[in-house]
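Q: Provided below for reference: sequence and predicted model.
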Amino acid sequence: MHSTVFAHCFIRVVLPGFIIMPTLLTDPAGAIDVKLTMDDAKKALAAGREPMEAANTPEDVKKLLQQAAISTRVGADPEKDPCGPNAVLRTKRYWLESFGRQEATESKKQKHDVRMPEDKIQKILDMPNLEMSIQLCGDDEYFAEGVQVALQQGSKTIKPVDVSPADKGRKNEGQGPAYRSRFTARFAYDTFDPNAKTKVIVYFQDGKMLEFDADLSKVK
């Protein structure tokens, strides 16, 4: 028996405020999978689900989640530079594999297969925007308040569809600035070229700027 309750609730929790709209997407030539088919989507769900089904310990689960973030991260490597600016790109494939892992988790809890229904999968396939979760460090817990961001590709500046307020800074246990924060921006897929040389430019309220290179071509 397949359960649809999990998928219905989980997508609403994970994607607050996200409005699914009909869209005519151009398909930029590049690594990011913008036009996925339903078959592609089910394969991505399985790619997330199967390793989680095989995970038997909390350590196994932690490693899987870390690997998932690494595969779509651009900018600094937190393992080498704990406070270096970086971003996790939440592409359509990222979301599908994430939901696949959740399917496995819920299946274990409920002791029967839990699968996302096709209408919910289709909503992910129709997403017009790339979500980018950006991590920064600063000297006080409100350093990222009011932060804005853009992508720079040559002479073209790409502004986001929207930017969520930054989290209140959390104490940074490593070296460097005392606090770290995250914020999320969404960029329309049809406004940027995933193969172009890209910089992420962050603008702070005090007029300061920060930038880092982002190789989008390596992200699916």
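A: Good, I have the coordinates.
Q: From now on I want contacts and neighbour counts done on CA atoms only, so please keep to that.
A: Noted.
Q: Quick one: low-confidence residue ranges for the protein.
A: 1-30 (pLDDT under 70).
Q: again, 80 this time
A: By pLDDT under 80, the low-scoring segments of the chain are 1-31, 173-175.
Q: all helices in it, in order from the N-terminus.
A: Using DSSP state H, the helices of the chain run over 5-14, 38-54, 58-71, 92-110, 118-125.
Q: out of those helices, nearest to V200?
A: Closest to V200 of these, according to Cα to Cα: helix 58-71, at 17.6 Å.
Q: how much distance is there from the closest one to the middle of the chain?
A: Relative to its parent chain, helix 58-71 has a centroid offset of 14 Å by Cα atoms, centre = their mean, to the nearest Å.
Q: now the most centrally placed residue in the chain, which residues is it bridged with?
A: Centroid check for the chain by Cα atoms, centre = their mean gives R90 as the closest residue, at 2.2 Å. For R90, the beta-bridge partners are E131 (DSSP bridges).
Q: Next up, the contacts around it.
A: Going by Cα atoms under 8 Å, 6 or more residues apart in numbering, R90 touches T72, L130, E131, M132, S133.
Q: Check what contacts stretch 72-83 and list those residues.
A: 84-90, 94, 136-137, 174-177, 180, 212-216, 218-220.
Q: Just the ones in strands from those, please.
A: N86, A87, V88, L89, R90, L136, C137, R180, F212, D213, A214 (DSSP state E).
Q: before we move on, the earlier item: which PyMOL command selects the buried ones in the contacts of stretch 72-83?
A: Under the burial definition 16 or more other Cα atoms under 10 Å, those of the contacts of stretch 72-83 that qualify are selected in PyMOL by:
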select buried, resi 84+85+86+87+88+89+90+94+136+137+180+212+213+214+215+216+219+220
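Q: CA-only coordinates of stretch 202-216 in CSV, if you can.
A: Provided in CSV are the C-alpha atoms of stretch 202-216 (Å, rounded to 0.1, in the frame of the first residue of the first chain):
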residue,chain,number,x,y,z
VAL,A,202,26.5,39.7,-1.7
TYR,A,203,25.5,43.2,-0.6
PHE,A,204,25.3,44.1,3.0
GLN,A,205,23.3,47.0,4.5
ASP,A,206,26.4,48.9,5.6
GLY,A,207,27.5,49.1,1.9
LYS,A,208,30.1,46.4,2.0
MET,A,209,30.2,43.7,-0.7
LEU,A,210,31.5,40.1,-0.8
GLU,A,211,31.9,37.9,-3.8
PHE,A,212,32.8,34.3,-4.6
ASP,A,213,33.1,32.2,-7.7
ALA,A,214,30.4,29.6,-8.4
ASP,A,215,30.9,26.9,-11.0
LEU,A,216,27.3,26.2,-11.8
